[in-house]
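Asker: from the sequence below, what's the structure:
(chains A and B)
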Number of protein chains: 2
Amino acid sequence: MRGAVLNAPGDVRVVDRGQPKLVEPTDAVVRLSAACVCGSDLWPYRGIETVDGPAPMGHEYVGVVEEVGEQVTTIRPGQFVVGSFFASDNTCENCRAGYQTSCVNRVPMGALGTQAEYLRVPLADGTLVATPGQPADDLVPSLLAASDVLGTGWFGAVAAQAAPGKTVAVVGDGAVGLLGVLAARQLGAERIIAMSRHESRQNLAREFGATDVVAERGDEGVARIKELTDGLGAHSVIEAVGTQESMMQAIRATRPGGHVGYVGVSHDVALPGAELFFSHVHLHGGPAPVRQYLPELIDLIWNRKINPGRVFDLELPLEKAAEAYQAMDERRAIKVLLRP
Amino acid sequence: MRGAVLNAPGDVRVVDRGQPKLVEPTDAVVRLSAACVCGSDLWPYRGIETVDGPAPMGHEYVGVVEEVGEQVTTIRPGQFVVGSFFASDNTCENCRAGYQTSCVNRVPMGALGTQAEYLRVPLADGTLVATPGQPADDLVPSLLAASDVLGTGWFGAVAAQAAPGKTVAVVGDGAVGLLGVLAARQLGAERIIAMSRHESRQNLAREFGATDVVAERGDEGVARIKELTDGLGAHSVIEAVGTQESMMQAIRATRPGGHVGYVGVSHDVALPGAELFFSHVHLHGGPAPVRQYLPELIDLIWNRKINPGRVFDLELPLEKAAEAYQAMDERRAIKVLLRP
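Answerer: Numbering: from 1, shown residues only, chains lettered A, B, ... in the order given. The predicted model follows:
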């Protein structure tokens, strides 16, 4: 089958890769309907994370189950399924606590590479959630968004305790940040401040529920958030970038006792203890336990209550994966959908 | 009046200082019944924090109100009062949110120096809490503990979400850590693991409610906590030291989705972003909003439900403040009570 690999920084190719097969009796094999490129795929693409190429790429996926192992009991061939970027058993104590991305048996899907025609999914019963039926074509992008960026933005909003009466600020205007806006809106936040300098992203943020847009960043951005919040800072801040600057912007924009939900994959970040101590903020985040939210998110999408697929502003055939990476790297596209 | 000052690292003296007077109409002047030396006083004493001596010392206090300013309405001369280490108006939005140590009008009591005979307390109505009457002598140490170390341990336990069914670990066996054990017990924790290598402190931890004691520290201490918790880590960890080692020990001893409550004043700490991200812990802490808890803590002490004054294992006259600092610096005493 065909699948994308990263050979070296900047060098993505679609090549013939081995056909995925059942390995464990708890596996499923899925024929992918759509995949996509994630902001976190850009870290190795840009050479900021080391690559030992050729490495299979991609960790977001939706598709139709082809085959299941003999111990799989709830997932059946023919079902349309959505999974998250970590396979999880959904039965261990960490899973039951709602942290499926810290499952004691977790398997990173990025190592299997979902930018491809087919995919082996470990721990299929714990990992995959089937939709109520075969989805209409226009629902596929939204279901694909649920696989990571929607679930990640949602976790960011939950970790930041977005809720009625709260002012929520969002640092980062990539797909995750924008869907953090959507999540904060769904969770009932009173005021949602999107931090973005890009008009198209500002517009999408407003469509998703942002009530205010702040174009400034860093110290100026923090000052602007404080101006909008009686000098105190936001109750909740979603951090969706993962750099030192974005983390400090998030912490400083949060009022004492407020909550920072950070979901940008952390790169070269060192948080100054004394500043954090005196900030009085709550800090929570990490790899989003998307599996926890999938049933609820699929339901919202299926019933057309939310349209997170709007973050895909470019669609390409899988064979053009290299072009997809380029478009996202140059910020010409928010997020690119790939059709195998 | 007489009061302690720090001239330079290691050089504490009791000298004649100006008699405190009402300055603002919201002030009170209190004749101190007892004061004490805090673990955080040791940072400047050891030269780790810079001192611009002679600096008045101490920020914990109980005593009898001598005089109040004309705008003070709830506090009256003759009352026995307990206050926290930050004066706070208790009416601003941060105070109402329960973060009185981030009061927009806060005044650090350490700058006024409570290791003395008399003390000016700003924002008296917001800061001071009167006891139901004049306390019995044996209650005074416990009421003094409420002024900081008990309230701080309590906040650590609340921030770590100690609760029924939870396993709580405590990093640090100073007065705050020991009272974190007491707080976790009061909050109903099922299992409380005190981390301590000192027998007298281990014994006091057990008296306060510790069910287990772990003598190992660092990576070995973390491994021991994991052994005791099915390999997952504690649900809740109270950090009561403030160093890089203690913070990492706390974070690593916490299970995914668990809570670290950190109350040791942070010194030269830099938290690695990626490790924190993948740890999935909640992090909350800072200067404890002791004022929030004072009414409840005073009630528990008054009714002899708790005896936090047990942390004072040495009592000296104020004139011997230098000896008090020495005893704590050399860890010969857990905490020293000073009688003016």
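Asker: residue A:340 against residue A:319, yeah?
Answerer: No. Counting by C-beta atoms under 8 Å, residue A:340 does not reach residue A:319; the two are 9.1 Å apart. To be clear about C-beta, it is placed using only N, CA and C from the backbone, and glycine gets the same treatment.
Asker: okay, and the common contacts of the two?
Answerer: residue A:2 (C-beta atoms under 8 Å, 6 or more residues apart in numbering or on different chains).
Asker: the two - which one has more neighbours?
Answerer: residue A:340 (23 against 13; other C-beta atoms under 10 Å in any protein chain shown).
Asker: which residues does residue A:71 contact?
Answerer: Residue A:71 touches A:25, A:26, counting by C-beta under 8 Å, 6+ apart.
Asker: distance check, it against chain B.
Answerer: Distance, residue A:71 to chain B, using C-beta to the nearest C-beta, to the nearest Å: 24 Å.
Asker: sec struct for that residue, please.
Answerer: coil (DSSP: H, G, I helix; E, B strand; the rest coil).
Asker: quick one: contacts for residue A:11?
Answerer: Applying C-beta under 8 Å, 6+ apart, the residues near residue A:11 are residue A:53.
Asker: any idea of the pLDDT on it?
Answerer: Looking at residue A:11, its pLDDT stands at 96.
Asker: got the residues of chain A near chain B?
Answerer: Counting by C-beta under 8 Å from any C-beta of the partner chain, chain A comes close to chain B at A:93-94, A:97-99, A:101-102, A:104, A:230-232, A:242, A:244, A:247, A:255-257, A:262, A:265-274, A:276-287.
Asker: weed out the non-buried ones from those.
Answerer: Buried by 16 or more other C-beta atoms under 10 Å in any protein chain shown: A:93-94, A:97-99, A:101-102, A:232, A:242, A:244, A:247, A:255-257, A:262, A:265-267, A:269, A:271-273, A:276-277, A:279-287, out of those.
Asker: tell me which element residue A:296 falls in.
Answerer: helix A:290-302 (DSSP states H and E).
Asker: in its sheet, what does the following helix or strand past that helix sit against?
Answerer: Per DSSP H and E, helix A:290-302 leads on to strand A:312-317 as the next helix or strand towards the C-terminus. Paired with strand A:312-317 in the same sheet, following DSSP bridges, are strand A:335-339 (parallel).
Asker: got a list of contacts for the strand it pairs with?
Answerer: With C-beta under 8 Å, 6+ apart, strand A:335-339 has contacts from A:4, A:34-38, A:58, A:115, A:141, A:144, A:149, A:174-175, A:311-318, A:320-321, A:324, A:327-328.
Asker: buried ones among these?
Answerer: Buried among those by 16+ other C-beta under 10 Å: A:4, A:34-38, A:58, A:115, A:141, A:144, A:149, A:174-175, A:311-314, A:316, A:318, A:320-321, A:324, A:327-328.
Asker: just the ones in helices from these, please.
Answerer: Taking DSSP state H, the ones among those that sit in helices are A:141, A:144, A:149, A:175, A:321, A:324, A:327, A:328.
Asker: which SS class is residue A:125?
Answerer: Applying three-state DSSP: residue A:125 is helix.
Asker: quick check: the gap between residue A:84 and residue A:28.
Answerer: Computed as C-beta to C-beta, to the nearest Å, the residue A:84 to residue A:28 distance reads 14 Å.
Asker: same check, this time on residue A:38
Answerer: 22 Å.
Asker: before we move on, what about residue A:323?
Answerer: Distance from residue A:323 to residue A:28, by C-beta to C-beta: 30 Å.
Asker: which one's more surrounded, those two?
Answerer: residue A:28 (28 against 16).
Asker: is that one in contact with residue A:69, as I believe?
Answerer: Yes. Taking contacts as C-beta under 8 Å, residue A:28 lies within contact range of residue A:69: 7.0 Å.
Asker: what touches both of the two?
Answerer: A:22, A:124.
Asker: ok, and the closest non-adjacent residue to residue A:311?
Answerer: residue A:175 (4.1 Å; C-beta to C-beta, 6 or more residues apart in numbering or on different chains).
Asker: please report how far the one you found lies from chain B.
Answerer: 18 Å.
Asker: which residues does that residue contact?
Answerer: Here residue A:175 is in contact with A:39, A:145, A:149, A:153, A:311, A:334, A:335 (C-beta under 8 Å, 6+ apart).
Asker: and the pLDDT at the residue of the stretch 51-200 of chain A found nearest chain B?
Answerer: Proximity of the stretch 51-200 of chain A to chain B (C-beta to the nearest C-beta) peaks at residue A:102, 3.4 Å away. You'll see residue A:102 listed with a pLDDT of 98.
Asker: so it makes contact with residue A:96?
Answerer: No. Between residue A:102 and residue A:96 there is no contact under C-beta under 8 Å: 11.4 Å.
Asker: excluding chain neighbours, what is closest to the spatially most central residue of chain A?
Answerer: Closest to where the C-alpha atoms of chain A average out (C-alpha atoms, centre = their mean) is residue A:149, at 2.4 Å. Nearest non-adjacent residue to residue A:149, counting by C-beta to C-beta, 6+ apart: residue A:175, 4.2 Å away.
Asker: for residue A:34, same thing?
Answerer: residue A:144 (4.8 Å).
Asker: which ones are touching the one you found?
Answerer: So residue A:144 contacts A:34, A:35, A:36, A:60, A:61, A:62, A:82, A:309, A:312, A:337 (C-beta under 8 Å, 6+ apart).
Asker: ok, residue A:146 to residue A:188 distance?
Answerer: Separation of residue A:146 from residue A:188 (C-beta to C-beta) stands at 20 Å.
Asker: circling back: any chance of JSON lines for the contacts of residue A:144, columns pLDDT and distance to residue A:49?
Answerer: Output for the contacts of residue A:144, formatted as JSON lines (pLDDT from 0 to 100; distance: C-beta to C-beta, whole Å):
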{"residue": "A:34", "pLDDT": "98", "distance to residue A:49": "25"}
{"residue": "A:35", "pLDDT": "97", "distance to residue A:49": "20"}
{"residue": "A:36", "pLDDT": "97", "distance to residue A:49": "19"}
{"residue": "A:60", "pLDDT": "97", "distance to residue A:49": "17"}
{"residue": "A:61", "pLDDT": "98", "distance to residue A:49": "21"}
{"residue": "A:62", "pLDDT": "98", "distance to residue A:49": "25"}
{"residue": "A:82", "pLDDT": "98", "distance to residue A:49": "26"}
{"residue": "A:309", "pLDDT": "98", "distance to residue A:49": "28"}
{"residue": "A:312", "pLDDT": "97", "distance to residue A:49": "24"}
{"residue": "A:337", "pLDDT": "98", "distance to residue A:49": "23"}
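Asker: now, these that are in strands?
Answerer: A:34, A:35, A:36, A:61, A:62, A:82, A:312, A:337 (DSSP state E).
Asker: and those residues, which is closest to residue A:109?
Answerer: residue A:61 (7.2 Å; C-beta to C-beta).
Asker: restricting to C-alpha, output stretch A:117-129 in CSV.
Answerer: Extracted C-alpha coordinates of stretch A:117-129, given in CSV (Å, rounded to 0.1, in the frame of the first residue of the first chain):
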residue,chain,number,x,y,z
GLU,A,117,-4.1,3.7,2.8
TYR,A,118,-4.4,1.1,5.6
LEU,A,119,-3.6,1.1,9.3
ARG,A,120,-3.2,-1.5,12.0
VAL,A,121,-4.9,-0.3,15.2
PRO,A,122,-3.7,-2.1,18.4
LEU,A,123,-6.2,-2.5,21.3
ALA,A,124,-9.1,-2.0,18.9
ASP,A,125,-11.9,-2.4,21.4
GLY,A,126,-10.3,0.2,23.7
THR,A,127,-9.2,2.6,21.0
LEU,A,128,-11.8,2.8,18.3
VAL,A,129,-15.2,4.4,18.5
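Asker: which positions within it qualify as buried?
Answerer: A:117-129.
Asker: for residue A:53, give me the pLDDT.
Answerer: Model confidence at residue A:53 (pLDDT) stands at 81.
Asker: how about residue A:39?
Answerer: At residue A:39, pLDDT is 89.
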